[in-house]
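S.K.: Have a look at this prediction, sequence included:
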Amino acid sequence: MEHVKEFGEEPMTRKDDYYNRAKQQGYRSRAAYKLKQLDSDAGLVSDGDTVVDLGAAPGGWLQVASELVGEGGTVVGVDLQRIDSIDGVETIRGDMTEDETRERIVESVGEADVVVSDMAPNMTGEYSLDHARSVYLARTAFETALELLAPGGDFVAKVFEGPDTDGLRADIDEEFEYVRTIHPDASRDASSELYMVAKGRLTAPVRAGDRIEVDIDDVGREGDGIAKVEGYTVFVPDAEPGDVVEIEVTDVKPRFGFGEVVE
Ligand code: SAM
């Protein structure tokens with residue numbers, strides 16, 4: 001887990017600092033700084049992107065996302081609660097655990113570059129229950145992200161740390177180039193919340209470790225053989241057009257991958 005900390009500050013000071021900063025800078029929540037920190041750490045949102053924000057009320061993340069995407073971008077926020085309007089941001093009121101809400105988002109957005117979720121359950125104070133509910137919401141966000149994200153797209157979800165966090169992380173890791181867990185400085189110190197930050201949605205028909213037989217039908221600029229697997233490009237060093245070879249897939253990127261000939 002990574003900790004992005006400012007040294008020499010007491011927790012209370014920091015908490016008040018973010019609260020006051022949010023008030024002064026016109027953000028609706030101190031949570032706004034968490035998205036700013038996640039974005040500067042992991043490079044999530046670019047100019048012109050389409051961003052979907054799940055669990056978006058009161059709208060701090062929406063304000064930050066809207067600044068980051070600029071005028072050419074699109075931001076859509078979803079929450080159980082009503083969200084006061086923000087210029088250029090579309091809001092949907094609905095429950096993310098219901099199919100109908102997910103269908104409304106797909107209809108409205110089509111495809112997204114980034115899906116972020118700050119959804120949190122109503123806290124009961126019973127640790128294992130709160131943890132299980134937060135994992136359920138993060139999984140709901142993950143499934144929505146798989147429906148919405150373009151190849152190479154990024155995903156963020158809040159989760160309260162506990163026994164099911166590792167399983168969730170492993171499942172997310174399967175579908176992205178890589179996943180990190182980040183505890184932003186703007187999160188309260190005592191909080192067990194962390195963010196799964198997954199980069200590079202993979203839509204490739206292969207995964208690292210797969211062994212497959214391929215036809216080499218072209219050669220790349222670096223001299224590697226090129227095989228197409230259901231339209232997906234796999235570069236294979238030491239193979240030439242006309243070869244039919246068994247390869248082990250060694251690396252999978254959103255738009256192309258690499259394989260090695262199995263002797
Ligand atoms: N990121 C927000 C901001 O910057 O203002 C704060 C989000 S707040 C921590 C968590 C939100 O998740 C709440 O507004 C809550 O209503 C929402 N939420 C919880 N469960 C949800 C669900 N099933 N569907 C939609 N939203 C949900």
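M.R.: Structure received. Numbering: from 1, shown residues only.
S.K.: What's the mean pLDDT across stretch 249-260?
M.R.: Stretch 249-260 comes out with an average pLDDT of 95.
S.K.: what comes up buried for it?
M.R.: 249, 250, 252, 254, 257, 258, 259 (16 or more other C-beta atoms under 10 Å). In short, each C-beta sits where N, CA and C put it, glycine included.
S.K.: Backbone torsions only: list them for the last one.
M.R.: Right, residue 259. The phi/psi pair for residue 259 (degrees, to the nearest 10) reads phi -140, psi 160.
S.K.: And the pLDDT at residue 122?
M.R.: pLDDT, residue 122: 94.
S.K.: Quickly find the element holding it.
M.R.: Residue 122 belongs to no helix or strand when assigned by DSSP states H and E.
S.K.: so who does it touch?
M.R.: Contact analysis of residue 122 by C-beta atoms under 8 Å, 6 or more residues apart in numbering lists nothing.
S.K.: How about the one 5 residues further on?
M.R.: Listed by C-beta under 8 Å, 6+ apart, the contact partners of residue 127 are residue 162.
S.K.: That one and residue 159, how far apart?
M.R.: 13 Å (C-beta to C-beta, to the nearest Å).
S.K.: same thing with residue 89?
M.R.: Here residue 89 is placed at a distance of 25 Å from residue 159 (C-beta to C-beta).
S.K.: the more surrounded of these two?
M.R.: Each of residue 89 and residue 159 has its neighbours counted (other C-beta atoms under 10 Å); residue 159 has more, 26 against 20.
S.K.: My understanding was that the more buried one contacts residue 136; is that so?
M.R.: No - Residue 159 is not in contact with residue 136 according to C-beta atoms under 8 Å; the separation is 9.8 Å.
S.K.: Check whether residue 206 really touches residue 232, as I assumed.
M.R.: Yes - if you go by C-beta under 8 Å, residue 206 and residue 232 touch, sitting 6.9 Å apart.
S.K.: Give me the common contacts of those two.
M.R.: Common contacts of residue 206 and residue 232, defined by C-beta under 8 Å, 6+ apart, comprise residue 257.
S.K.: For the closest residue to the ligand within the stretch 151-263 of the chain, what are phi and psi?
M.R.: The nearest approach of the stretch 151-263 of the chain to the ligand comes at residue 158, 7.4 Å away (C-beta to the nearest ligand atom). Here is the backbone geometry of residue 158 (degrees, to the nearest 10): phi -80, psi 140.
S.K.: Nice, that's everything, thank you.
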